[in-house]
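# Predicted coordinates and the sequence they were generated for:
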Amino acid sequence: MGKKIVDFLWGTKQRKIWTSVIVGLFAASILINFIAPVPPPHVALSGEPIFSTGPKWFTNSVLTTIIVDIILLLLALATRFSLKEVPGGLQNFMEAIIEALYGLAESVAGKNAGKFFPWVVTIFLFVIISNWSGLIPGVGSIGFYHPYPAEEKHGEDSHAYLSDNQLAMAGGSIILAAPESVQAAPAAAVSEKGKFIPLFRAPSADLNMTFALAISTMVMVQIWGVRHLGGSYFRKFFNFSGPNGFMKGINGFVGILELISEFSRVLAFGFRLFGNIFAGEIILFTMTFLIAFLLPVPFYVLEVFVGFVQALVFMMLALVFFQMSTISHGSHDEHH
Amino acid sequence: MDVDAMKQLGAALAMGLGAIGPGIGIGLIGSKAMEAMGRNPEAAGTVQTNMILAIAFAESIGIFALVIALLLKFV
């Protein structure tokens, strides 16, 4: 048994290299922890501008969104320009993904699947890659220190910074410190350098991206509805038909509810994705600051799974809403 | 009580109360899915994917509570 383990770790030259690299990285990460202590986790609800003097819109999540887009484009182009009769590695992989997703789309949307497929699969691929982009080591931990802005904002900003960091490191263990005591100990050293701004941030952990996706999806729902049903699509919202005055009132009220639910779906879409991914990041932060080694691993695996499931849920919901909008609402009334 | 204490309390209450409903919902979904898989083991694959989807919907209610708690705590 012992010999087997030694063989597994130290058997061939390649294995010697890999084992020493892994052990070396572990040792280096422990050493770095002593040499340069890590500041407490930085939790910000929104993306922050990368350049303190640059444009306000160029936040770290915008940068990561662009990178995710480039990855998707390169993947698509690499697959497109190496299409073969007998598919190889990459083409096989992409075909398997597309085939599985098309089967899913067909089971929900039936004959409309071909029309909805490009939309929902773009959403799926973009969301899944941006969910997983937050799990790459370095995203959220590589960044700059921005000097604090001028005097008048200093008070407000430093207050925000202090209430951000109530989890503090004291003697190698994590403690829950009151804002005043945090101000006394580690924040004093950090505040000289300024506020830490990460260079990358998962796009799904930014409300702007998730709401942009949610709004464009719900706008597309209306567009599909009008394309399939014409003007009668809007009878769903403004419906005053009925045998008597009471039923007319009820139908009108139902129309108002439908209208409200269209808007609440945008909120639900946006918050579902944002909340899941952002909460996952905070869980990973917290676990890393409890015990930095091995404890975050199961949560990391969980976040990989959550990222996939949320992308799938976003896609399925978009598909179901698309399909629902194409079905005539009042058609069953006309037959009685 | 000052505003900060109220914020902390509000965040804790939002998360704690908001987790009750999704917890019950996910439990119901899981138990029914197990029942279905036990009755019809051949359909375990489809039941499982649909179960995960339904769990994600139930979970998203809890996530809304979490978002409110985070907003209270960090904003």
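Perfect, I can see it now.

# which secondary structure elements does the biggest helix by length in chain B contact?
Identified as the longest helix of chain B according to DSSP state H is helix B:44-74. Here helix B:44-74 touches helix A:245-290, helix A:296-326, helix B:3-18, helix B:20-39, going by 3 or more Cβ pairs under 8 Å, 6 or more residues apart in numbering or on different chains; DSSP states H and E. To be clear about C-beta, it is placed using only N, CA and C from the backbone, and glycine gets the same treatment.

# quick one, which of the ones you listed is nearest to residue A:120?
Among the helices and strands packed on helix B:44-74, the nearest to residue A:120 by Cβ to Cβ is helix A:296-326 (4.8 Å).

# Could I get the buried residue list for the closest one?
Within helix A:296-326, the residues that count as buried by 16 or more other Cβ atoms under 10 Å in any protein chain shown are A:296, A:299-300, A:303, A:306-319, A:321-323, A:325-326.

# go on, stretch A:1-9?
Result for stretch A:1-9 [16+ other Cβ under 10 Å]: no buried residues.

# which ones are touching residue A:220?
A:119, A:318, A:322 (Cβ atoms under 8 Å, 6 or more residues apart in numbering or on different chains).

# Give me the nearest residue to the first one, chain neighbours excluded.
The one in question is residue A:119. residue A:220 (6.3 Å; Cβ to Cβ, 6 or more residues apart in numbering or on different chains).

# quick one, what contacts residue 67?
Let's take chain A. Per Cβ under 8 Å, 6+ apart, neighbours of residue A:67: A:133, A:200.

# Not quite, go with chain B.
Residue B:67 makes contact with A:271, A:274-275, A:278 under the criterion Cβ under 8 Å, 6+ apart.

# Counting neighbours, which of those residues comes out on top?
Per-residue neighbour counts (other Cβ atoms under 10 Å in any protein chain shown) across these peak at residue A:275, which has 26 neighbours.

# Wait, it touches residue B:69, no?
No. Applying Cβ atoms under 8 Å, one finds residue A:275 not in contact with residue B:69, separated by 10.0 Å.

# Considering helices and strands only, name the one in chain A with the lowest mean pLDDT.
Every helix and strand of chain A was ranked by mean pLDDT, DSSP states H and E. The lowest is helix A:151-164, at a mean of 43.

# what's the closest non-adjacent residue to residue A:129?
For residue A:129, ignoring the flanking residues on the chain, the nearest one in space by Cβ to Cβ, 6+ apart is residue A:68 at 5.1 Å.

# if we can go back for a sec, which one of the helices and strands packed on helix B:44-74 lies closest to residue A:6?
Going by Cβ to Cβ, the one of the helices and strands packed on helix B:44-74 nearest residue A:6 is helix A:296-326, 24.2 Å.

# For chain B, see how far away the residue nearest to residue A:119 is.
For residue A:220, the distance to chain B equals 21 Å [Cβ to the nearest Cβ, to the nearest Å].

# and that residue, what pLDDT?
With respect to pLDDT, residue A:220 scores 92.

# again, but for the one 4 residues further on
Turning to residue A:224, the model gives it a pLDDT of 91.

# Tell me the residue of chain B that sits nearest chain A?
residue B:63 (3.6 Å; Cβ to the nearest Cβ).

# who's in contact with the nearest residue to that residue once chain neighbours are set aside?
Spatial nearest neighbour of residue B:63, chain neighbours left out: residue A:275 (3.6 Å); criterion: Cβ to Cβ, 6+ apart. Contacts for residue A:275 (Cβ under 8 Å, 6+ apart) come out as B:60, B:63-64, B:66-67.

# Swap in 10 Å and give it another go.
Going by Cβ atoms under 10 Å, 6 or more residues apart in numbering or on different chains, residue A:275 touches A:204-205, A:207, A:210, A:310, B:59-60, B:62-70.

# Likewise for residue A:118?
Residue A:118 neighbours (Cβ under 10 Å, 6+ apart): residue A:105.

# quick one, phi/psi of residue A:49?
phi -60, psi 140 (degrees, to the nearest 10).

# Next one: it from residue A:142, what distance?
16 Å (Cβ to Cβ, to the nearest Å).

# and these two? which has more neighbours close in?
Neighbours per residue (other Cβ under 10 Å) separate residue A:49 from residue A:142, with residue A:49 holding more: 16 against 10.

# was I right about the more buried one contacting residue A:146?
Yes. Shown here, residue A:49 and residue A:146 form a contact pair, counting by Cβ atoms under 10 Å, at 8.6 Å.

# any shared contact partners between these two?
Common neighbours of residue A:49 and residue A:146 (criterion: Cβ under 10 Å, 6+ apart): residue A:197.

# Outline the domain layout of chain A.
The record's domain parsing of chain A by automatic domain parsing lists A:60-147+A:201-334, A:149-193.

# Out of those, which one sits most buried?
Greatest average neighbour count among the domains of chain A goes to domain A:60-147+A:201-334 (a mean of 17), per mean count of other Cβ atoms under 10 Å in any protein chain shown.

# Understood, closing this out.
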